[in-house]
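Colleague: structure of the sequence below:
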Amino acid sequence: MITRIALLGLALAAISGGVAAQSSSELPPGVFMGGKTLADARAGTYTIDPDHCSVLARVSHIGYSWSVFRFNQASGKLTFDPAAPEKSTLSVAVRTESITSNVKDFAYELAGDNYLKAAKFPEATFVSTAFHRTDDTHGKVDGQFTLMGVTKPVTFDVELVGVGKGWAEKPRMGVHAVASIKPQDFGLPALFGPAIEIVVDAEFERAP
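Modeller: Take a look at the predicted model:
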């Protein structure tokens with residue numbers, strides 16, 4: 001509860017405008033702001049915080065706009081050492097049946113046999129094969145992406161959003177990642193257009 005109150009305070013400060021960003025000294029005891037210094041990350045094994053993870057698919061709506069679908073259930077493990085980020089490993093799984101849509105009943109259809117076939121293929125997965133650091137806060141992660149039983153190489157452009165002590169003695173880091181896939185490569189219909197953009201915003205927390 002204390003963490004949610006702290007995060008709500010940050011959001012309200014941003015909305016109000018003209019208010020300086022909070023420092024760690026203004027947060028509840030034991031809660032620390034994230035920063036942009038990669039060296040502040042703690043080496044170890046991290047897992048996705050499911051309460052602070054968003055996986056979106058941006059799909060062309062027959063050429064008129066972008067439809068945005070969200071997957072509400074994701075899990076993953078990251079091994080990371082700031083002294084050697086190129087040696088990192090990452091594996092992520094997304095429950096395909098957890099897709100949501102603004103269009104009434106469309107999510108159920110998307111998870112069904114005409115599209116994602118979630119009953120037969122309950123997860124989409126990504127397993128890293130290489131990490132490439134481009135500067136202090138950006139990099140690329142190559143990996144194998146599997147959807148509906150088909151595996152293809154995919155590269156995510158990754159930005160470090162924040163890293164720090166976190167709270168409850170669990171250091172954390174947050175990232176923003178974007179990749180593009182060809183839907184027809186995975187057996188999805190031409191209705192989805194030539195490309196689907198996958199956008200991930202996630203926080204990873206380290207065990208004490």
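Colleague: pLDDT value on Ile15, please?
Modeller: Listed pLDDT for Ile15 reads 38.
Colleague: tally up the residues packed near Val127, please.
Modeller: Neighbour count for Val127, taken as other CB atoms under 10 Å: 15. For glycine as for every other residue, the C-beta is placed from the backbone atoms N, C-alpha and C.
Colleague: who does the helix or strand containing it pair up with?
Modeller: Applying DSSP states H and E as the criterion places Val127 in strand 123-133. In the sheet, strand 123-133 lines up against strand 89-95 (antiparallel), strand 138-147 (antiparallel) (DSSP bridges).
Colleague: right, and these - which one's nearest Arg206?
Modeller: Of all the strands paired with strand 123-133, it is strand 89-95 that lies closest to Arg206, at 14.0 Å by CB to CB.
Colleague: export that closest one to CSV, keeping only CA atoms.
Modeller: The C-alpha coordinates for strand 89-95 follow below in CSV (Å, rounded to 0.1, in the frame of the first residue of the first chain):
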residue,chain,number,x,y,z
THR,A,89,20.3,-13.4,-20.3
LEU,A,90,16.5,-12.9,-20.5
SER,A,91,13.5,-15.1,-20.9
VAL,A,92,9.9,-13.8,-21.0
ALA,A,93,6.5,-15.5,-21.3
VAL,A,94,3.2,-13.8,-22.1
ARG,A,95,-0.2,-15.5,-21.6
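Colleague: low-confidence stretches in the protein?
Modeller: For the chain, the stretches with pLDDT under 70 are 1-25.
Colleague: go again with 90.
Modeller: The model of the chain has pLDDT under 90 over residues 1-26, 38-39, 136, 168-169, 189-192, 207-208.
Colleague: domain ranges for it?
Modeller: Listed domain ranges for the chain are 1-32, 34-206 (source: automatic domain parsing).
Colleague: out of these, deepest packed?
Modeller: Most buried of the domains of the chain, by mean neighbour count (mean count of other CB atoms under 10 Å): domain 34-206, with a mean of 16.
Colleague: what segments of the protein are strands?
Modeller: Under the criterion DSSP state E, the chain contains strands at 44-60, 66-71, 74-80, 89-95, 99-100, 123-133, 138-147, 150-167, 170-181, 196-206.
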